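Enquirer: Pasting a predicted model and its sequence here:
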Amino acid sequence: MDAWKVRRAGAVLPLLVYCGLCTTVISSLGALLVPAVAADQRVPVSTAQWMLTGNLLVGAVTTPVLGRLADGPRSRRMLLLALAAVALGSALAATAGTFPQLLAGRALQGPTCGMVPVTMALARRHLPSDRVEQAIATLAVTAATGAGLSCPVTGFLAQHLDYHWAFWLALAFVTPAFAGVLLILPPDRTDREPRPAADPVGVALLAAGLVCLILLAGQGAQWGWRSPAVLGLLLGTVLPAAAWTRWERHTGRPLVRPALLGHSDVALANAAAFALSAAAFVGLSAVGTMAQAPASTGYGLGLSAFAVGCLMLPMSAGSQAAGRLSRRLTARVGPRVTLAVGGALVAVAQLGLSACHYRLWHLLLAMALLGLGTGLTWTSVPRLVHGAVPAGELGGVLSFNHVLRVAGSTLGSATTGAVLAAHTAPGSLPGDAGYRTAFAASAAGCGLVLVGILSRVVTESSREAVRNSG
């Protein structure tokens with residue numbers, strides 16, 4: 001029995017990593033399957049995009065709740081509930097004969113967005129203290145690393161088989177994770193610590209603002225940026241955000257304490273997560289559409305969905321290398337400088353794409369740099385948060401950070417669509433200038449983030465010098 005306990009303890013981190021990979025598998029069922037779903041269900045591509053938008057909406061609402069409750073004694077139960085919802089959604093989508101059923105299945109898969117922060121909270125709870133920081137960094141790059149495997153498979157299924165098989169694959173992937181959590185993770189000890197409050201008012205206000213933000217980013221270009229609906233969504237984003245901030249400051253049991261969000265390192269991590277997610281997603285979404293464009297456009301490579309999925313392999317390799325490099329770099333210069341290096345690499349990748357994106361090796365090199373840069377970023381962010389947040393509130397703060405990543409990715413995707421639409425003549429494909437503008441704008445955004453990170457590094461170095469001199 002003791003030997004079994006030892007083996008089970010050693011399997012905790014691999015299990016949590018596998019659960020994190022579920023996020024990658026589910027996320028690959030979005031953009032890559034949109035064309036196939038639109039053709040099969042006989043709906044416009046803009047309508048089929050709701051299978052991506054709906055998933056993000058549910059994820060944005062459930063992620064902070066899962067993270068907050070994972071800080072309490074029911075963290076294992078929260079992960080099981082998320083996995084069960086994802087499994088049910090996968091089965092519903094795999095058997096979908098109608099588009100509404102497919103949308104419902106994708107919506108039930110939404111909680112996968114919040115599983116990585118929950119696994120981080122579980123790592124802090126069940127692993128030895130000297131292994132927690134590296135484990136959290138490993139979990140942070142799991143999604144990017146696994147994308148190199150799941151995206152080619154999803155692309156192959158979409159191109160050569162029925163897209164429903166991709167959802168059967170998701171179900172087959174999630175089921176062992178659910179069984180592993182039941183068998184390996186120790187049961188929750190609800191008698192040892194109080195259960196954190198879910199803060200329903202805070203959840204409702206945050207959810208309202210996030211839903212409006214995602215709808216604004218995803219549908220603004222289609223509805224018209226000056227339309228009443230878009231103006232209403234803008235108000236629906238700003239007003240709940242202001243009300244949420246005020247509520248969290250005065251309630252006794254907040255979803256996330258504003259004082260923690262105001263901590264310099266946490267604020268830096270959140271700003272970097274939002275901005276660099278937006279910048280990185282510009283590259284991901286633009287490269288995908290550009291690579292599939294016909295060669296007659298002057299920039300397209302005419303790649304298949306499977307080949308575009310394979311473009312994720314260099315990014316996956318770069319993220320994996322970043323996981324190892326980050327540990328050494330952070331030990332030498334700290335997480336802030338490591339974060340700056342990651343942001344700089346993302347900027348270099350986007351600048352390179354803006355100048356050169358006409359050969360396959362251009363895209364492969366840029367994706368490798370993008371993977372290395374985002375990998376360094378995602379391993380630095382949880383390290384900054386881990387060092388600034390009490391153990392009992394890590395899940396909530398990391399979940400809030402993850403929501404900002406989702407919002408940033410949505411904004412990056414919407415920005416790319418708006419820029420490309422502005423450079424598209426009626427009845428034709430986007431012009432090369434649109435892609436160059438999108439990549440250049442992304443690089444400029446990275447530059448602004450770098451200024452903020454470096455100013456923080458300089459400020460902390462000056463303070464440390466003053467303390468040492470005193």
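Expert: Alright, I've got the coordinates.
Enquirer: who touches the residue nearest to residue 99 when sequence neighbours are not counted in this structure?
Expert: Excluding its sequence neighbours, the residue lying closest to residue 99 (Cβ to Cβ, 6 or more residues apart in numbering) is residue 41, at 4.4 Å. All C-beta spots, glycine's among them, are computed from the backbone N, C-alpha and C. Under the criterion of Cβ atoms under 8 Å, 6 or more residues apart in numbering, the contact list for residue 41 reads 48, 98, 99, 102.
Enquirer: can you check residue 363 too?
Expert: Residues in contact with residue 363 (Cβ under 8 Å, 6+ apart) are 287, 291, 301, 311, 353, 357.
Enquirer: Kindly report the same for residue 422.
Expert: With contacts defined as Cβ under 8 Å, 6+ apart, residue 422 is in contact with residue 434.
Enquirer: Could you check how far it is from residue 357?
Expert: When Cβ to Cβ, to the nearest Å is the yardstick, residue 422 and residue 357 sit 18 Å from each other.
Enquirer: Pull the distance from stretch 366-377 to the chain's centre.
Expert: For stretch 366-377, the distance between its averaged C-alpha position and the chain's averaged C-alpha position is 14 Å (Cα atoms, centre = their mean, to the nearest Å).
Enquirer: If you could redo that for stretch 173-187, that was the one I meant.
Expert: Between the mean C-alpha position of stretch 173-187 and that of its chain there is a distance of 23 Å (Cα atoms, centre = their mean).
Enquirer: So which residues lie in contact with it, not counting its own?
Expert: 8, 11-12, 15, 18-19, 21-22, 25, 76, 79-80, 83-84, 86-87, 90, 122, 126.
Enquirer: List only those of those flagged as buried.
Expert: Buried residues within those, defined by neighbour count using 16 or more other Cβ atoms under 10 Å: 12, 15, 18-19, 21-22, 25, 76, 79-80, 83, 86-87, 90, 122, 126.
Enquirer: Greatest separation within the residues you listed: which pair is it?
Expert: Longest distance between any two of those is 26.7 Å, between 90 and 126; criterion Cβ to Cβ.
Enquirer: Let me see the domain layout of the protein.
Expert: Under the assignment named as automatic domain parsing, the residue ranges that make up the domains of the chain are 1-198, 257-470.
Enquirer: Tell me which of these sits nearest to residue 226.
Expert: With Cβ to Cβ, the closest approach to residue 226 among the domains of the chain belongs to domain 257-470: 13.3 Å.
Enquirer: what's the average pLDDT for that closest one?
Expert: Per-region confidence: domain 257-470 scores 82 on mean pLDDT.
Enquirer: just how off-centre is it within its chain?
Expert: With Cα atoms, centre = their mean as the basis, the mean position of domain 257-470 lies at 11 Å from the chain mean.
Enquirer: For stretch 118-131, list every residue counted as buried.
Expert: Neighbour-count burial for stretch 118-131, counted by 16+ other Cβ under 10 Å, picks out 118, 119, 120, 121, 122, 123, 124, 125, 126, 127.
Enquirer: quick one: the closest residue to residue 356 other than its chain neighbours and residue 437, what's the gap?
Expert: The spatial neighbour of residue 356 that comes closest, neighbours along the chain excluded (Cβ to Cβ, 6+ apart), is residue 362 at 4.7 Å. Between residue 362 and residue 437 the computed distance is 17 Å (Cβ to Cβ).
Enquirer: Residue 225 too?
Expert: Remark: distance between residue 225 and residue 437 (Cβ to Cβ) = 17 Å.
Enquirer: which of the two has more neighbours?
Expert: Looking at residue 225 and residue 437 with other Cβ atoms under 10 Å, you find the greater number of neighbours at residue 437, namely 17 against 11.
Enquirer: is it fair to say the more buried one lies in a helix?
Expert: Yes. Assignment of residue 437 by DSSP: H, G, I helix; E, B strand; the rest coil places it within a helix.
Enquirer: dump the residue contacts of it.
Expert: By Cβ under 8 Å, 6+ apart, the residues touching residue 437 are 419, 423.
Enquirer: Same check on residue 34?
Expert: When contacts are counted by Cβ under 8 Å, 6+ apart, residue 34 is found next to 45, 48, 49, 51, 52.
Enquirer: Could you give the number of residues near the third one?
Expert: The criterion is other Cβ under 10 Å. On that basis, residue 49 has 21 neighbouring residues.
Enquirer: Can you tell me the closest non-neighbouring residue to it?
Expert: Using Cβ to Cβ, 6+ apart and skipping residues adjacent in sequence, the residue nearest residue 49 is residue 34, 6.0 Å away.
Enquirer: how far away is the one you found from residue 257?
Expert: Relative to residue 257, residue 34 is positioned 39 Å away (Cβ to Cβ).
Enquirer: which ones are touching residue 16?
Expert: Listed by Cβ under 8 Å, 6+ apart, the contact partners of residue 16 are 119, 122, 123, 135, 139.
Enquirer: can I get the CA coordinates of the one helix or strand the last one maps to in CSV?
Expert: I take that to be residue 139. In this structure, residue 139 is located in helix 129-140 according to DSSP states H and E. As requested, the backbone C-alpha atoms of helix 129-140 are provided in CSV (Å, rounded to 0.1, in the frame of the first residue of the first chain):
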residue,chain,number,x,y,z
SER,A,129,7.2,23.0,-2.1
ASP,A,130,10.6,22.7,-3.9
ARG,A,131,8.9,21.4,-7.1
VAL,A,132,5.9,23.7,-7.2
GLU,A,133,7.4,26.6,-9.2
GLN,A,134,8.9,24.4,-11.9
ALA,A,135,5.7,22.3,-12.1
ILE,A,136,3.6,25.5,-12.6
ALA,A,137,5.9,26.6,-15.4
THR,A,138,5.6,23.2,-17.0
LEU,A,139,1.8,23.4,-16.9
ALA,A,140,1.9,26.9,-18.3
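Enquirer: now that helix, how far from the centre of its chain.
Expert: The chain centroid and the centroid of helix 129-140 are separated by 18 Å, computed with Cα atoms, centre = their mean.
Enquirer: what helices or strands is that helix leaning on?
Expert: Applying 3 or more Cβ pairs under 8 Å, 6 or more residues apart in numbering; DSSP states H and E, we find helix 129-140 packed against helix 12-27, helix 115-126, helix 312-333, helix 360-386.
Enquirer: Tell me which of those sits most buried.
Expert: Of all these, helix 115-126 carries the top mean neighbour count, a mean of 27, counting by mean count of other Cβ atoms under 10 Å.
Enquirer: quick check: angle from it to helix 12-27?
Expert: 170 degrees (axes from the mean of the first three to the mean of the last three Cα atoms, to 10 degrees).
Enquirer: residues making contact with helix 115-126?
Expert: Helix 115-126 is contacted by residues 9, 12-13, 16-17, 19-20, 22-23, 63, 66-67, 70-71, 75-76, 78-79, 82-83, 86, 132, 135-136, 139-140, 142-143, 185-186, 382, 386, 391, 394-395, 398-399, 401-402 when judged by Cβ under 8 Å, 6+ apart.
Enquirer: do the same with stretch 244-259
Expert: In this structure, residues lying in contact with stretch 244-259 by Cβ under 8 Å, 6+ apart are 64, 68, 196-199, 201-203, 205-206, 209, 393, 396-397, 400.
Enquirer: Any buried residues in that stretch, and which?
Expert: Neighbour-count burial for stretch 244-259 flags 244, 247, 248, 254, 255, 256, 257 (criterion: 16+ other Cβ under 10 Å).
Enquirer: What about these, which are in helices?
Expert: Members of the buried residues of stretch 244-259 lying in helices (criterion: DSSP state H): 244, 247, 248.
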